[in-house]
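**Student:** Here is a sequence together with a model predicted from it:
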Amino acid sequence: MRPILMKGHERPLRFLKLNREGDLLFSCAKDHTPTVWFADNGERLGPTVDAMAPCGAGRLPKCRSDWAYKAVWGPLNKTIVSSGEDAVIRVWDTETGQLLKESDKETGHQKTISSLSKSTDGSHFLTGFLDKSAKLWDIRTLTLIKTYVTERPLNACAISPLLDHVFIGGGQEAVHVTTTDHCAGKFEAKFFHKILQEENEGVKGHFGPINALAFNPDGRSFSSGGEEGYLKLHHFDPDYFSIKM
């Protein structure tokens, strides 16, 4: 890894998104100042008031009183997949707002869904949960495909667009960590083989929980955002692409 440290926010990071070309990285934090960066070298272009990156939670139409923390478009943009406070994944019709499908509570998560990431081909998506697990789902049927178990609460997840890898990040809340050592709080980004569910080495760098992860569309780098307000830009070394799992 060749990490680049980026400082441009005064509050915890909450959301990261790259544009389609992969040359610009947008970040949102609790300081309410969306910021744009060059994705190759981490140079800060400055705050942007026109960024379309959602920085907070909201309620979807006909969503009862449950908060939807994350949402992505379904196939052909005909549906919206949402997740959030009550640990249930829901599929909505984009034209009518009608609820079409809900995840099964027995196979789903038991605590708040903190993150949601869609695959490049749009066929499946990954959810991260505060119950210390991540799950891979079929986007059309909400069938559970794989489960990845960790030893930390999860705040962020991402699917590699290049390899069969999924990345997860999180960590213990600061009030529960008695030392600033990143190992104590489990603040590394971990990656698993998407199919085999095998865990590989973690990527260190943050001194607080990881709240946001985003892959570059070319799959050769990823970005992470932490509770301490820092962003990390990680370029993969050639050895990463020859990992045997």
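**Tutor:** Received, thanks.
**Student:** after the worst-scoring helix or strand of the chain on mean pLDDT comes which helix or strand?
**Tutor:** Lowest on mean pLDDT, DSSP states H and E among the helices and strands of the chain sits helix 182-185, with a mean of 51. Counting by DSSP states H and E, the next helix or strand C-terminal to helix 182-185 is strand 189-193.
**Student:** Any idea how far that following strand is from the middle of the chain?
**Tutor:** 12 Å (C-alpha atoms, centre = their mean, to the nearest Å).
**Student:** Tell me which strands that strand pairs with, and in which orientation.
**Tutor:** Sheet pairing of strand 189-193 (DSSP bridges) gives strand 165-170 (antiparallel), strand 199-203 (antiparallel).
**Student:** Flag every buried residue along the shortest one.
**Tutor:** Residues 202-203 are the ones in strand 199-203 that count as buried (16 or more other C-beta atoms under 10 Å). Just so you know, the C-beta spots here come from the backbone N, C-alpha and C atoms, and that holds for glycine as well.
**Student:** Quick one: mean pLDDT for it?
**Tutor:** With pLDDT averaged residue by residue, strand 199-203 scores 83.
**Student:** Could you check the angle the following helix or strand past it makes with strand 199-203?
**Tutor:** Downstream of strand 199-203, the next assigned helix or strand under DSSP H and E is strand 210-215. Using axes from the mean of the first three to the mean of the last three C-alpha atoms, to 10 degrees, the inter-axis angle of strand 210-215 relative to strand 199-203 is 110 degrees.
**Student:** quick one, whichever helix or strand comes after strand 210-215 and strand 210-215 angle?
**Tutor:** Past strand 210-215, further along toward the C-terminus, the next helix or strand under DSSP H and E is strand 221-226. Taking the same axes, to 10 degrees, one finds strand 221-226 and strand 210-215 inclined to each other by 170 degrees.
**Student:** Strand 221-226 packs against which elements?
**Tutor:** Applying 3 or more C-beta pairs under 8 Å, 6 or more residues apart in numbering; DSSP states H and E, one finds that strand 221-226 makes contact with strand 13-18, strand 24-29, strand 154-159, strand 210-215, strand 230-235.
**Student:** nearest residue to residue 80 other than its sequence neighbours?
**Tutor:** residue 92 (4.7 Å; C-beta to C-beta, 6 or more residues apart in numbering).
**Student:** pLDDT below threshold where in the protein?
**Tutor:** 1-2, 49-68, 174-185, 245 (pLDDT under 70).
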